[in-house]
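**Student:** Let's see this in three dimensions:
(chains A and B)
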Amino acid sequence: GAVVSQHPSWVICKSGTSVKIECRSLDFQATTMFWYRQFPKQSLMLMATSNEGSKATYEQGVEKDKFLINHASLTLSTLTVTSAHPEDSSFYICSGDLAYEQYFGPGTRLTVT
Amino acid sequence: AQKVTQVQTEISVVEKEDVTLDCVYETRDTTYYLFWYKQPPSGELVFLIRRNSFDEQNEISGRYSWNFQKSTSSFNFTITASQVVDSAVYFCALSEPGNTGKLIFGQGTTLQVKP
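**Tutor:** Numbering: from 1, shown residues only, chains lettered A, B, ... in the order given. As a prediction, this is how the structure comes out:
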């Protein structure tokens, strides 16, 4: 099956700093990737759709300037959480779309202190 | 409106019991996909099944089986002879209209299988 990796798997950063999370499709090309966040004991919430070579499409209520998404190649999308605050602490999951089926990365646990 | 409802928040069973996880969905589409994912404590989502709306045949894969009923808009998941390793959160998901690739997730059911 198609494999998606994320890096880092966990990160701790100080409030006010920025952190970048990478999502890579290892054995397929993903024109579209999706970014989700998941709070403890809750479901996945779609944050944005990342399209290779164009701007990301953000879901309602997600701050574009805070969560910067770059999809520079068919195998890499990055999510940068800018000026992170403790409330941004969450589990961030990406997925790559292949023939309208999503393959999920292992997730990145972000803790902002 | 598109919606997925998993009414069971938590289920606890003893090993070897059968357990059914319910999923009810709402969609205006005639063509759609339904999914089940498993999320173990490690956090990584594990794909279990994808079902096309035109295929109402029940599916069995080892101890797992799925019952798709369009008439009741349900896509239930049964684990037979549950094992401790089945303990996880299970999500049912529905594809959004228009082939966007987006998924709408239910709230998830936490299954605890006790030895």
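
**Student:** Buried residues, whatever helix or strand residue A:110 lives in. List them.
**Tutor:** Taking DSSP states H and E as the definition, one finds residue A:110 inside strand A:108-112. By neighbour count on 16 or more other C-beta atoms under 10 Å in any protein chain shown, the buried set for strand A:108-112 is A:108, A:110, A:112. For every residue, glycine as well, the C-beta is placed using N, CA and C.

**Student:** Let me see the ranges of the strands in chain B.
**Tutor:** Secondary structure of chain B by DSSP state E: the strands cover B:3-5, B:10-14, B:19-21, B:24-26, B:33-39, B:46-52, B:59-61, B:64-69, B:74-79, B:88-95, B:103-105, B:109-114.

**Student:** Can you pull up the most central residue in chain A?
**Tutor:** Note on chain A: the residue nearest the mean C-alpha position is residue A:35, at 3.9 Å, using C-alpha atoms, centre = their mean.

**Student:** does that residue really touch residue A:23, like I thought?
**Tutor:** Yes - counting by C-beta atoms under 8 Å, residue A:35 touches residue A:23, with 7.5 Å between them.

**Student:** returning to what we had before: what about the nearest residue to the residue nearest to the centre of chain A once chain neighbours are set aside, neighbour count?
**Tutor:** The shortest distance from residue A:35 to any residue other than its chain neighbours is 4.6 Å, reached at residue A:47 (C-beta to C-beta, 6 or more residues apart in numbering or on different chains). By the criterion of other C-beta atoms under 10 Å in any protein chain shown, residue A:47 has 23 neighbours.

**Student:** Residue B:12 too?
**Tutor:** For residue B:12, the neighbour count with other C-beta under 10 Å is 12.

**Student:** do you know how far the residue lying closest to it once chain neighbours are set aside is from chain A?
**Tutor:** Nearest residue to residue B:12, sequence neighbours excluded (C-beta to C-beta, 6+ apart): residue B:112, at 4.6 Å. In this view, residue B:112 and chain A are 13 Å apart by C-beta to the nearest C-beta, to the nearest Å.

**Student:** Neighbours of residue B:112, how many?
**Tutor:** Counted by other C-beta under 10 Å, the residues lying close to residue B:112 total 14.

**Student:** Thanks a lot, catch you later.
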